[in-house]
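A.B. asks: Kindly generate the corresponding structure for this input.
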Amino acid sequence: MNICAQIKHDIAQEYYTLNYPNDGQRFVAWYLRNIYGLDPTEAKSYMGANQESQPPPRKCK
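C.D. replies: Now for the predicted structure:
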């Protein structure tokens, strides 16, 4: 499965459809959780943050 198909599959999950109204916001939430390693609460708080704020720092895994 390519990355685009994987993302589409992931953002169709119940968590994303219940918490975010459109695919754009679902993708951003997916990105924050999967790339930056944020938990659901952190991702949700960044979604409501000031648009001029910087993205969260990358965490080492």
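A.B. asks: Show residues contacting stretch 8-27.
C.D. replies: Met1, Ile7, Ala29, Trp30, Asn34, Pro40, Lys44, Met47 (Cβ atoms under 8 Å, 6 or more residues apart in numbering). No exception for glycine: its C-beta is placed from N, CA and C like everyone else's.
A.B. asks: what distance separates the start and the end of it?
C.D. replies: 8 Å (Cα to Cα, to the nearest Å).
A.B. asks: Would you mind checking the contacts of stretch 8-27 for buried ones?
C.D. replies: In those, burial by neighbour count holds for Ile7, Ala29, Trp30, counting by 16 or more other Cβ atoms under 10 Å.
A.B. asks: Could you export those residues as CSV, including secondary structure and distance to Thr17?
C.D. replies: Shown next, in CSV, are the buried ones among the contacts of stretch 8-27 (DSSP: H, G, I helix; E, B strand; the rest coil; distance: Cβ to Cβ, whole Å):
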residue, secondary structure, distance to Thr17
Ile7, helix, 14
Ala29, helix, 11
Trp30, helix, 12
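A.B. asks: ok, now which ones touch the most centrally placed residue in the chain?
C.D. replies: With distances taken as Cα atoms, centre = their mean, Ala29 lies nearest the centre of the chain, 1.6 Å away. Contacts for Ala29 were tallied using Cβ under 8 Å, 6+ apart; they are Ile11, Tyr16, Asn19, Tyr20, Ala43, Lys44, Met47.
A.B. asks: before we move on, what about Met47?
C.D. replies: Neighbour list for Met47: Tyr20, Gln25, Val28, Ala29, Leu32 [criterion: Cβ under 8 Å, 6+ apart].
A.B. asks: go again using 10 Å as the cut-off
C.D. replies: Met47 sits next to Asn19, Tyr20, Gln25, Val28, Ala29, Leu32 when contact means Cβ atoms under 10 Å, 6 or more residues apart in numbering.
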